[in-house]
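> Sequence and predicted structure below; questions after.
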Amino acid sequence: AALTFAFLGAPRTTRQSRNFSIGGSVFAVFGLRMVGFACSVIAVKTPIAALVQYLMLFGGIGIGIWMIVGGVVVEPPAALMEAINRNNERIARLFRRPATA
């Protein structure tokens, strides 16, 4: 919950896209859960994995609280957005209808 709020809690206008924040939130929580499940399985034979699992949990909460208190707004890098926009323009030109007479 702390990670999700950290990604999506910053106020934005309706014109600002939250897609990158939503995707980042989903991947962060999914990654944390998958490693947690893996540690649960590994903890059967290696008890230190249980400690790693709890350290990751507290680390995720700590990072989330740090992002919330610090007012970190998750936005895509400008270079990534430029690359996406260039590709969108190429695709639009490819499928553009020819002018009718």
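Cool, got the structure. Numbers count the residues shown, from 1 in each chain.
> Tell me which other helices or strands the lowest-mean-pLDDT helix or strand in the chain touches.
Using mean pLDDT, DSSP states H and E, helix 2-8 stands out as the lowest-scoring helix or strand of the chain, at a mean of 84. Based on contacts counted as 3 or more Cβ pairs under 8 Å, 6 or more residues apart in numbering; DSSP states H and E, the elements that helix 2-8 packs against are helix 19-42, helix 48-70. All C-beta spots, glycine's among them, are computed from the backbone N, C-alpha and C.
> for this protein, which residue is closest to the average position?
Note on the chain: the residue nearest the mean C-alpha position is Gly24, at 0.7 Å, using Cα atoms, centre = their mean.
> Now for that residue: which residues touch it?
By Cβ atoms under 8 Å, 6 or more residues apart in numbering, the contact set of Gly24 is Phe7, Val74.
> Please report how far it lies from Ala6.
10 Å (Cβ to Cβ, to the nearest Å).
> got any residues that touch both of these two?
With Cβ under 8 Å, 6+ apart as the test, Gly24 and Ala6 both reach Val74.
> before we move on, what SS does Pro76 have?
coil (DSSP: H, G, I helix; E, B strand; the rest coil).
> so what's it closest to, chain neighbours aside?
Phe20 (4.3 Å; Cβ to Cβ, 6 or more residues apart in numbering).
> for stretch 24-32, the distance to its chain's centre please.
With Cα atoms, centre = their mean, to the nearest Å as the basis, stretch 24-32 stands 6 Å off its chain's centre.
> Please apply the same query to stretch 54-66.
Distance, stretch centre to chain centre, for stretch 54-66: 15 Å (Cα atoms, centre = their mean).
> what do you get for stretch 72-80?
The answer for stretch 72-80 is 11 Å, by Cα atoms, centre = their mean.
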